[in-house]
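>>> here is my input, please return the structure:
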Amino acid sequence: MRRLVSGTAKMKITRILLAAAALAIGAGAAHAEIKKVRIGTEGAYPPFNSVDTSGQLVGFDIDIAKALCEKMKVECTFVAQDWDGIIPALLAKKYDAIVASMSITDERKKQVDFTIPYYLTPGNFMAPKDTKITDITPEGLKGKVIGAQSSTTSASYLEDKYKGSEAKLYPTQDEANADLAAGRLDAILIDKFVGYEWLEKTDAGKCCKFVGPDLTDVNPDGTGIAVRKEDTELREALNKAIKEIQADGTYKKINAKYFPFPIN
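Residues are numbered from 1 along each chain as shown. Below is the predicted model:
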């Protein structure tokens, strides 16, 4: 004998079906919502992101973000944000993603999610051309005053491994570079590609040079795009777009615009 469904049971089933339908509609709506993406960047980290003489944000990060937006077929706008507040502003929904040469770290992953890396960069020490520094180990730099941009992997690396040195941290990389050029620092720890831009393409950078080998453990997981943890669809759309611009040659063209060597 087939069991009859009571009125109460029917109501429960109806509610379940309606809830399931709402979830399905919601999922479709969420997908449709990715039409506009606000990109947060620093604007003070050339050649990756900076502000030109006309006040426009320019650089490798900006060109990559524009290429990704084109692949995703979304309208993107850019927001400049000081580095120290760049993650809090993302969490406060001032923008939807950070494209600002942010290294992927376990500490940052507690607050945000990251895409796959879109470039890899080692750390390097820079020092005045007349430096006597030849040994860049913690023992070799003991007692030296070393600069880095605050809230970066370079700063964390200094504080963790170079406890015998005096770490001097700066809000922007430009300020650290200026103090090195002025002779107020013995050395700087910097992302290699950012250091290359300053040394090779600015008058101020003529004062200095790289010392020691690449430090591949400063940024071991590479550089990614940060999004809020709940924005999984945006993260996956960005991952797909990163792979597409790498496959079709777009990434290579942007890379060549800024560097005479591959950075991914």
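>>> Ile34: what's it in contact with?
Ile34 makes contact with 72, 74, 233-234, 237 under the criterion C-beta atoms under 8 Å, 6 or more residues apart in numbering. For glycine as for every other residue, the C-beta is placed from the backbone atoms N, C-alpha and C.
>>> looking at the residues you listed, which is nearest Thr153?
Closest approach to Thr153 among the contacts of Ile34 (C-beta to C-beta): Leu234, at 24.0 Å.
>>> which residue packs closest to that closest one, ignoring adjacent ones?
Val227 (5.4 Å; C-beta to C-beta, 6 or more residues apart in numbering).
>>> got it, and Phe193?
Phe193's closest residue in space is Thr121 (C-beta to C-beta, 6+ apart), at 5.3 Å.
>>> strands of the stretch 1-150 of the chain, start to end?
36-41, 44-45, 49-51, 57-58, 75-80, 97-103, 113-114, 123-128, 145-149 (DSSP state E, counting those that start in this stretch).
>>> can you tell which of those is closest to Gly195?
strand 123-128 (5.3 Å).
>>> and the angle from that closest one to strand 145-149?
Counting by axes from the mean of the first three to the mean of the last three C-alpha atoms, to 10 degrees, strand 123-128 lies at 130 degrees to strand 145-149.
>>> so for strand 123-128, mean pLDDT?
Strand 123-128 shows a mean pLDDT of 98.
>>> give me the contact list for it.
Outside strand 123-128, the residues touching it (C-beta under 8 Å, 6+ apart) are 133, 136, 141, 146, 153-154, 157, 180, 183, 186-192, 195, 198-199, 207-212, 214-215, 218-219.
>>> give the partner strands of that strand in its sheet and their orientations.
strand 187-191 (antiparallel), strand 208-215 (antiparallel) (DSSP bridges).
>>> that older thread, buried among the contacts of strand 123-128? Need that as a selection in ChimeraX.
Selection of the buried residues among the contacts of strand 123-128 in ChimeraX, burial being defined by 16 or more other C-beta atoms under 10 Å:
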select :136,141,146,153,154,157,180,186,187,188,189,190,191,192,195,198,199,207,208,210,211,212,215,218,219
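>>> show me the shaky parts of the stretch 151-264 of the chain.
By pLDDT under 70, the stretch 151-264 of the chain contains no weakly predicted segment.
>>> let me fix that: the stretch 1-150 of the chain
1-33.
>>> switch the cut-off to 50
For the stretch 1-150 of the chain, applying pLDDT under 50 flags the ranges 1-14, 16-32.
>>> what are the ranges of the helices in this protein?
Secondary structure of the chain, counting by DSSP state H: helices at 7-33, 60-72, 86-91, 106-109, 153-161, 173-181, 192-201, 232-247, 250-258.
>>> hey, what's the angle from the fifth one to strand 123-128? Just curious.
Same thing as helix 153-161. Using the same axes, to 10 degrees: helix 153-161 against strand 123-128 is 90 degrees.
>>> centre of the chain to helix 153-161, how far?
Distance of helix 153-161 from the chain centroid (C-alpha atoms, centre = their mean, to the nearest Å) equals 17 Å.
>>> one step back: can I get the strands paired with strand 123-128 in CSV including distance to Gln81?
Shown next, in CSV, are the strands paired with strand 123-128 (distance: least, C-beta to C-beta, whole Å):
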stretch, distance to Gln81
strand 187-191, 19
strand 208-215, 27
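>>> to Ala92, which of those lies closest?
So among the strands paired with strand 123-128, strand 187-191 is nearest, using C-beta to C-beta, at 26.6 Å.
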